[in-house]
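Chemist: curious how this folds, go ahead:
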Amino acid sequence: MTDPQTPDDAQPQDQQRRILTPGSDLNPRREFLRSAALFTVTAGALGGGLELLTRRPGAGSAEAQSADPFARPARPLGPYDTKEAVTPYGQATTYNNFYELGLDKADPARLAASLKPRPWTVRLDGEVRKPQTVDIDTLQSWFPLENRIYRMRCVEGWSMVMPWLGFPLAALIRRMEPTSKAKYVQFTALLDPKQLPGQRQAVLKWPYVEGLRLDEALHPLAFMAVGLHGRVLPGQNGAPLRLAVPWKYGFKGIKSIVRITLTSTQPQTTWALAAPSEYGFYANVNPAVPHPRWSQATERRIGELGRRKTLPFNGYADQVASLYKGMDLRKYF
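Modeler: Next up is the predicted model:
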């Protein structure tokens, strides 16, 4: 199952322009593009991919993680940020569900060099007035990049706290100019077995597809991530563009997106097709509704020994519960 898996001007401009590096006063886009350029040159020369650019000696050790300067936010918290301790970079990038890069948690980091995030285009189409295909760097240039610190709860019963860098999905949808027929947003991931060796096995119906109701997609929490821990988004975490919807189980956070389509009908999503009794379209975090094979009442936070109680909507109920007023959340799981 894929990773374990958000108003446009909600953050003050000074917060929008800060990156997560302690003491930094850099513009996020300038630093991001500088890192992306460095990745393109270095990865091509060394053949080692983004992992080589971000890994520090001993990054996986407990000592390195505790000393990791990215482990805590070095900026004022924004209106959508959790106050919980951030999962260290070394853990957030080496314990991943990304079946396109393998079934084991360690496979995505090990195989991510095969995924080439440049050149990359994204098709924007469907029930919109401005269908187009746009280069990923052009798409990013349309919006000020923001930092968001979100809880992430995997349907498997584990969780992390992720410091994403990106832009609100609502800003992109408004730019696409939806027609009156648009009711849902469908996301499609890259289909390329050469870059994504896991697609050589028919463990799921490829390409990976996810979807949201339009009002969910327009919610301020719905977020398009292009970076993690203030750095370019690693391949194993869904480079160069992924979805983050923190009140839903992590498999909704589709990675390596190549197409965003507004539709009049509910999309047929990958996991709902694979196991409809286990993985519904909505996938809202709900501790009161167990998975058919395990309880969802508690979770294991990566880096912690014990388990903690899972919160309704992953702790975002105050912000998003109104989206589902009148719905039976056991039936529409």
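
Chemist: return the distance of Trp247 relative to Ser277.
Modeler: Separation of Trp247 from Ser277 (Cβ to Cβ, to the nearest Å): 22 Å. Quick note: C-beta positions are derived from backbone N, CA and C, even for glycine.

Chemist: check Thr121 too.
Modeler: Thr121 is 36 Å from Ser277, by Cβ to Cβ.

Chemist: who has more neighbours, the two?
Modeler: Counted by other Cβ atoms under 10 Å, Thr121 and Ser277 do not tie: Thr121 has more neighbours, with 13 against 9.

Chemist: how about the more buried one, phi and psi?
Modeler: Dihedral pair for Thr121: phi -130, psi 160, per degrees, to the nearest 10.

Chemist: who does the longest strand along the chain touch, helix- and strand-wise?
Modeler: If you go by DSSP state E, the chain has its longest strand at strand 158-168. Contacting strand 158-168 under the criterion 3 or more Cβ pairs under 8 Å, 6 or more residues apart in numbering; DSSP states H and E are the following elements: helix 89-92, strand 146-153, strand 223-228, strand 242-244, strand 298-301.

Chemist: could you list the low-pLDDT ranges of the chain?
Modeler: Applying pLDDT under 70 to the chain flags the ranges 1-74.

Chemist: and the helices in the protein, which stretches?
Modeler: Assigned by DSSP state H, the helices in the chain fall at 13-16, 28-46, 50-54, 62-67, 89-92, 107-111, 136-141, 169-176, 214-217, 270-274, 317-320.

Chemist: so how many other residues sit close to Ile302?
Modeler: 18.

Chemist: surely it meets Ala85?
Modeler: No. Using Cβ atoms under 8 Å, Ile302 is not in contact with Ala85, being 11.1 Å away.

Chemist: for the stretch 201-333 of the chain, what spans make up the strands?
Modeler: Applying DSSP state E, counting those that start in this stretch to the stretch 201-333 of the chain gives strands spanning 209-213, 223-228, 231-232, 242-244, 257-263, 298-301, 308-309.

Chemist: what's the closest of those to Leu101?
Modeler: strand 242-244 (13.0 Å; Cβ to Cβ).

Chemist: elements contacting that closest one?
Modeler: strand 146-153, strand 158-168, strand 223-228.

Chemist: any residues touching that strand, and which ones?
Modeler: Under the contact criterion Cβ atoms under 8 Å, 6 or more residues apart in numbering, strand 242-244 has outside partners 3, 6, 148, 150, 152, 162, 164, 166, 169, 187, 210, 222-225, 233, 252-257.

Chemist: what of stretch 249-257?
Modeler: 1-5, 97-98, 100, 115, 117, 122, 152-155, 187-190, 196, 208-210, 212, 237-245, 271, 279, 283-285.
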